[in-house]
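S.K.: output the structure for:
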Amino acid sequence: MKSADERRAAARARWRYIGTERPPFAHEPGAGQESVWDYPRPPRVEDDTREIVVRCGFVVVARTRRAVRVLETASPPTFYVPWSDVDRRCIEPAPGGSACEWKGDARYWTVVAGGAWLRAVAWSYPAPLAGFEALAQRVAFFPSRIECVVDGRRARPQPGGFYGGWITPEVVGPFKGEPGTQDW
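M.R.: Sure, this is the predicted structure:
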């Protein structure tokens, strides 16, 4: 049986693109836009002071101007909100989890608000791997399952159902998760 480190190394070795060169099929960014193909692998974490709002119906689950976003080759940014800016009355642990070869082991969260029960709609890294310590006290939400807004504009979900990237007007793809992108 392989160790966690061996499994992470094998997963990292599969990536074909690492942000050092934009592939010919990548969309050219316009003025004020970023190409997800210019994002690095391993991912970069950066502060973002835009207003991030997460809503379940009319209930604001999270609101912050202190988010960080994770930028990884081929994926739209994923926004992580400080737990201190989340209404913890709306959050409860969900069963299951997943592992990221860069960030570590994720824990899932359910949102219960406004009469809705959204199972495993958020995740966090309570003990992230080295380089991702900024995520330890933060949580991210799937825009495919809950309303996620960046400076007043609703984010579209990253295709594919598994990934949690937020597509906003300033990012161009194509994005991992679209048909035919498994080997990116």
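S.K.: which residue ranges of this structure form helices?
M.R.: Here the chain has its helices, by DSSP state H, at 4-13.
S.K.: could you give the bridge partners of the residue nearest in space to the middle of it?
M.R.: Geometric centre of the chain, nearest residue: T78, 2.7 Å, by CA atoms, centre = their mean. Residues in a beta bridge with T78, per DSSP bridges, are V70.
S.K.: so it makes contact with V70?
M.R.: Yes: here T78 reaches V70: they are 4.8 Å apart, a contact under CB atoms under 8 Å. Any C-beta I mention is one placed from the backbone N, CA and C, and that applies to glycine too.
S.K.: who does the nearest residue to W109 once chain neighbours are set aside bridge with?
M.R.: Nearest non-adjacent residue to W109, counting by CB to CB, 6 or more residues apart in numbering: A122, 4.0 Å away. Per DSSP bridges, the residues bridged to A122 are W109, F141.
S.K.: which residues touch A122?
M.R.: By CB atoms under 8 Å, 6 or more residues apart in numbering, the residues touching A122 are 91, 108-111, 139-142, 146.
S.K.: rerun that using 7 Å as the cut-off
M.R.: 91, 109, 111, 139-141 (CB atoms under 7 Å, 6 or more residues apart in numbering).
S.K.: now, among those, which is nearest to D48?
M.R.: Of all the contacts of A122, A140 has the smallest distance to D48: 12.4 Å, by CB to CB.
S.K.: list the contacts for that closest one?
M.R.: 78-80, 122-123, 164.
S.K.: not counting its neighbours along the chain, what's nearest it?
M.R.: What sits nearest to A140 in space, not counting adjacent residues and going by CB to CB, 6+ apart, is Y80, at 4.8 Å.
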